[in-house]
Structures are given as structure tokens and as C-alpha cells.
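> predicted coordinates and the sequence they were generated for:
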Amino acid sequence: MKNVARLGIGGPVGSGKTALLECLIPMLTQQGIEVAVVTNDLLTTEDADRLKGKGLIAPERIIGVETGSCPHTAIREDPTMNLLAVKDLELLYPQLDLIFIESGGDNLASTFSYDLVDSYIFVIDVGAGDDIPRKNGPGFIQADLVVINKIDLAPYVGANLDLIRQQAPQHRRGKPIAYTNCKTKEGLEQVKSFILATVLFHVGANY
């Protein structure tokens, strides 16, 4: 069986994880990348249903997992439910290149088990304030890529984007950061290049 790459997408509630997926899926499929998605919600399949409604990929390639517990449990302490969903997708679609695993909305301590994913992205949004980088949350510090989303909101919520751009790299200690606006697609090429170069190992990716 083909070795399918697995990429986690984590971050707090409302940071834009699903919106990011809605942008990335067509960007990747247009390049011939075969994609599937596993979403996590506490007691619903809301995020999976939202993605299916967009028609970005066949709905059968999107599985919603109802974790019934704290979101971080299903992606770190006991990822069994997610691993089973991944295995189902791998068996049904042996041509897959990449499976996204989107965590339910959690806090800054949310991290993925590397038994579940090969790497993971942690998404925060500017609307939560410009102090988030200084809080040194494990998800923010340890993620393979941090996406600082909704940069267009900074002037409306009193957040200092220049301060975020200054402090985030200090706390990330050289690990990559992308600054994005999913409405205008700003910064998304950098995220795509990260996936191609670091997750899918495509030669020539501009990352």
C-alpha cells in the first residue's frame, strides 16, 4: 500500500482551521495531489458537513469523527478513533497522497501525537490578541508550521500586527510561520509550499 502523508491541523476554536482547509484543498488538487480529510468535533460532524457542502472533493473522502471527549485526547493521548478513520480512507482510496486531520477547537496546549500525523500546523488568529505568541503555548511553540490567520482583523480588534511579526519568530525559535488571510488568499502560497516541500517532499517547492 502507498505511504500516505498525514498532516494535522490544530488550534483554538474560531481560529480558521476549516477555512484554511477550504483554501488549501483546491490549491493542492489543482496540482494533482490526491487529498482526503478527517475532521474532529465533540458531539457532531459539523466541520465535516461544512467541507462536504463546499464540494471541494468527493464527500466520501471526508470523515467526521465525534470524539466525545476533549479535542486533544483524540489527537494525542488516544488517537485510536482518528487512526481508524485514516485506515478506512487509505483502504478505500489507495491513490491518496495526503490526509488532513483537523482537530476540534482546543487551546494553546493542543499538540498532535506523531503516531497519528507526520507533521502538524497550528492555527491562531489575530482576533485573539497580539499577546498569543508571548504565552508560549505548546501547540504554538512545537508545531511544524504556525499559521497566524485573519491578519486583516488587526486594526479592528486593537491588535498590533507588527508586534506579532516581531515576537512570534522569537518564541518559535526559527520554526516557520505563515501570516494569512483566507478571504484574500494572502500567505496561502507559503502554506502550500510548506506542505509540498516538508510533508509531500516535492522537489522544487518554493519553501
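Great, that's in hand.

> how far does the lowest-mean-pLDDT helix or strand in the chain sit from its chain's centre?
Of all the helices and strands that make up the chain, helix 71-72 has the lowest average by mean pLDDT, DSSP states H and E, namely a mean of 86. Chain-centre distance of helix 71-72: 14 Å, with Cα atoms, centre = their mean, to the nearest Å.

> where does this structure dip in pLDDT?
1, 203-207 (pLDDT under 70).

> that one: helices as residue ranges?
Secondary structure of the chain by DSSP state H: the helices cover 17-29, 46-54, 71-72, 80-92, 138-142, 154-157, 161-172, 188-194.

> tell me how far the residue of the chain positioned farthest from its centre lies from V126.
For the chain, the C-alpha farthest from the mean C-alpha position belongs to G158; by Cα atoms, centre = their mean, that distance is 25.7 Å. Distance from G158 to V126, counting by Cβ to Cβ, to the nearest Å: 10 Å. No exception for glycine: its C-beta is placed from N, CA and C like everyone else's.

> what do you get for V38?
27 Å.

> wouldn't A85 be in contact with I63 here?
Yes: with contacts counted by Cβ atoms under 8 Å, A85 reaches I63, the gap being 4.5 Å.

> need the overlap of contacts for those two.
Residues within reach of A85 and of I63 at once, by Cβ atoms under 8 Å, 6 or more residues apart in numbering, are V38.

> quick one: end-to-end length of stretch 6-14, please.
Its start and end residues considered, stretch 6-14 measures 23 Å (Cα to Cα, to the nearest Å).

> again with stretch 151-170
Note: stretch 151-170 ends 19 Å apart using Cα to Cα.

> hmm, who's touching it?
When contacts are defined by Cβ under 8 Å, 6+ apart, stretch 151-170 is touched by residues 125-127, 129-130, 132-134, 146, 148, 177, 179-181, 183-184, 186-187.

> give me the ChimeraX select line for those residues, limited to the buried ones.
In ChimeraX, this line selects whichever of the contacts of stretch 151-170 come out buried by 16 or more other Cβ atoms under 10 Å:
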select :125,126,127,129,130,132,133,146,148,177,179,180,181,187
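
> in strands only, show me the contacts of stretch 151-170.
If you go by DSSP state E, those have 125, 146, 148, 177, 179 in strands.

> which one among the residues you listed gets closest to R6?
R6 lies nearest to V146 out of these, by Cβ to Cβ, at 18.5 Å.

> residues in contact with the least confident helix or strand of the chain?
Applying Cβ under 8 Å, 6+ apart, the contact partners of helix 71-72 are 40, 42, 103-106, 109-111.

> keep only those of these that are in strands.
Among those, DSSP E puts N40 in strands.

> of the contacts of helix 71-72, keep whichever come out buried.
40, 103-106, 110-111.

> let's have those in JSON lines, adding distance to L21.
Shown next, in JSON lines, are the buried ones among the contacts of helix 71-72 (distance: Cβ to Cβ, whole Å):
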{"residue": "N40", "distance to L21": "12"}
{"residue": "S103", "distance to L21": "12"}
{"residue": "G104", "distance to L21": "14"}
{"residue": "G105", "distance to L21": "14"}
{"residue": "D106", "distance to L21": "16"}
{"residue": "S110", "distance to L21": "17"}
{"residue": "T111", "distance to L21": "19"}
